[in-house]
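*Asks:* next input, structure requested:
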Amino acid sequence: MTKEKIANLVLDSGAIIKGEPSRLYSLAETFHTVPGVVAEVRDERARARLDALPFALNVRTPSTESMAAVSAVGLCSEHSRVMNSC
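*Replies:* Now for the predicted structure:
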């Protein structure tokens, strides 16, 4: 059984530093991250892994509006666990 790939996947530094690129490749069609994540990848082995990813990594700076929306969802998620709200 072959799983269908999702259209877009946003990667954090952990996915790059500890991830298996071939496994990541099987999950999505397009991959994205932010400049801060790329800056976090400092270790020589992790940097080599980043440079050898078997897919293009789109590095973009999110808009203020996008950051606010993501922060609101994260805040709501955190509160919903603690207070059963949102």
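
*Asks:* from now on I want contacts and neighbour counts done on CA atoms only, so please keep to that.
*Replies:* Fine.

*Asks:* which SS state does His32 fall under?
*Replies:* What DSSP: H, G, I helix; E, B strand; the rest coil gives for His32 is strand.

*Asks:* ok, it to Ala56 distance?
*Replies:* Counting by C-alpha to C-alpha, to the nearest Å, the gap from His32 to Ala56 is 9 Å.

*Asks:* kindly report the same for Val37.
*Replies:* According to C-alpha to C-alpha, Val37 stands 15 Å off from Ala56.

*Asks:* give me every residue that touches Tyr25.
*Replies:* 54-55 (C-alpha atoms under 8 Å, 6 or more residues apart in numbering).

*Asks:* do you know the pLDDT at it?
*Replies:* pLDDT for Tyr25: 86.

*Asks:* can you check Thr2 too?
*Replies:* With respect to pLDDT, Thr2 has a value of 63.

*Asks:* spatially central, which residue of this protein would that be?
*Replies:* The residue lying closest to the centre of the chain (C-alpha atoms, centre = their mean) is Leu11, at 1.7 Å.

*Asks:* which non-adjacent residue is nearest it?
*Replies:* Thr33 (5.3 Å; C-alpha to C-alpha, 6 or more residues apart in numbering).
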